Every structure is written in C-alpha cells, then in structure tokens.
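Novice: my questions concern the predicted model and sequence given below.
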Amino acid sequence: MVPVVIDTNVIVAGLRSGGGASRQVLRRVLAGSYLPLFSNALWLEYEDVMGRPVWGEETSHEERVQVVGALAAAGRWVKIYYGWRPNLRDPGDDYLIELAVAGGARAVITHNVRDLRRAELRWPGCAVLTPAECLESFA
C-alpha cells in the first residue's frame, strides 16, 4: 500500500462526480492500493466540508458519510509532533505537509498543486500530485 495524504478538494471532487481521477483515487483507497494518512487537522477539515453547500446530487449526505467513514477505516492516524511553519504560501495548508512528513507519505494528492509545490522546504520521496498524476505514478 502506498501511504498518501488526500486533500479535502480531492474528496469533494471524487464524491461530486460519477467518474474521474478523484473518484478513482477514492476507489483505490477502498480497494487497499493506497493507505490514506489522517491527522486531527485534516479530519476536522473533512468534517467541515461535509457540512458545506458544495455538494451536487451525485451522492447523498448518507453516502458521503459512509465513504468518509470507510476511508477512516482504511487509513492510519498520525500524530504530529513537530510543525514546519511557515512553509507554504497559505499557512492554512501547512498541516498537509506536516502530516505527509510525519506519516512517511509518498504523495500529497491535491488539486492545489501550484501552491503546495511552492513549499520553502522540500522532502525527497514525497511528491505533490494531482489525482491523475497519482494514478499514473502509483498504478
């Protein structure tokens, strides 16, 4: 299993569409190909987005809760002992990099690659990838 950090925007995209790379990333997690890593900060972001009015009619609230619950069951919780702040242009995204470093992630999967790839600090072995790039890299 490939350890990864999945940004909230990938969860939203995957659950709002009937297909696409984000949906396929979620399917690969549930199939056991990817190991999602979670921290308290990321999980709070997941919970927050579940209550936002960003959802289409592709999935119901109950289905979204089931999928996120299944992701939690498939993943690993990581405690963050050291913060790398400030690292990114948007300090609100630093927790993604901190989780990736603490958990030994091979990638942070996000649609916000532009901002995350501009990190001041770099970690070899941990890439910032779009869902499509992730699918190509970890087939």
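Specialist: Structure's in. What do you need? Numbering: from 1, shown residues only.

Novice: could you point out the longest helix in the protein?
Specialist: Identified as the longest helix of the chain according to DSSP state H is helix 61-74.

Novice: sheet partners, orientation included, of whichever helix or strand comes after that helix?
Specialist: Heading C-terminal from helix 61-74, the first helix or strand you meet, by DSSP states H and E, is strand 76-77. Sheet pairing of strand 76-77 (DSSP bridges) gives strand 34-38 (parallel).

Novice: quick one: secondary structure of Pro124?
Specialist: Recorded secondary structure, Pro124: coil (DSSP: H, G, I helix; E, B strand; the rest coil).

Novice: so how far is Gly20 from it?
Specialist: 30 Å (C-beta to C-beta, to the nearest Å). Any C-beta I mention is one placed from the backbone N, CA and C, and that applies to glycine too.

Novice: now do Met50
Specialist: Here the distance between Met50 and Gly20 works out to 20 Å (C-beta to C-beta).

Novice: which one of those two is surrounded by more residues?
Specialist: The neighbour comparison of Met50 against Gly20 (other C-beta atoms under 10 Å) goes to Met50, with 17 against 13.
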